[in-house]
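K.L.:
A structural model of the following input is requested.
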Amino acid sequence: MNGYEETSGAARAAGPGVAVRALAAAAAILALVIAVGTVVGLATGSRQRKLEREASSAEVAAAAKGRAAFTGIGTIRARSADPRPAVVVATVAFPYDSGDVPFSEELGRKAAVLRAAALACLEARKAEQLAPAYEAGLKSALRDAFNARLSLGKVEEVWLSDFAVIQ
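P.N.:
The predicted structure is shown next:
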């Protein structure tokens, strides 16, 4: 004896058979999972929904082509017009045609003027006038204030992000 046990030929023959059966069972389970997933995907129309999502995102990208966002105004901190003023924090931006070079340059030159206009517009309102119900009016007032100061182009819409009124 050399310290190692010898296995019989029958034991060696049974060993690989068990491994092969285990692999075959795992492959069968995997094939079953793939088949069930495919059937469920086809039955629920998830592939069609994915294609529609991709098409709509492509349409949005095509529509946005040539557009840029002017973010030079940045985040504004203002006090409301209340007797006990609330703190108003808003990040103001708006889209514009990036191909309009003169307007783009004007925006760069007048960023400080536009920031001051946004600050004045926010400070002229009471906290209750800065509630979400009045968001459209605030955006219109900001748009009009910007357009009054711009000569080479016009702002069509205003975006407000990080908007908060802290009392």
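
K.L.:
only C-alpha atoms from now on, for both contacts and neighbour counts.
P.N.:
Will do.

K.L.:
what's the longest strand seen in the chain packed up against?
P.N.:
Using DSSP state E, we find that the single longest strand of the chain is strand 67-79. Judged by 3 or more CA pairs under 8 Å, 6 or more residues apart in numbering; DSSP states H and E, the packing partners of strand 67-79 are strand 87-97, helix 111-123.

K.L.:
of all these, which one is nearest Asp162?
P.N.:
For the helices and strands packed on strand 67-79, proximity to Asp162 was assessed by CA to CA; strand 87-97 is nearest, at 5.4 Å.

K.L.:
so what touches that closest one?
P.N.:
Contacts with strand 87-97, where a contact means CA atoms under 8 Å, 6 or more residues apart in numbering, come from 66-80, 122, 155-167.

K.L.:
please state the offset of it from the chain centre?
P.N.:
When C-alpha coordinates are averaged (CA atoms, centre = their mean, to the nearest Å), strand 87-97 and its chain have centres 16 Å apart.

K.L.:
and it, what's its mean pLDDT?
P.N.:
Averaging pLDDT along strand 87-97 yields 93.
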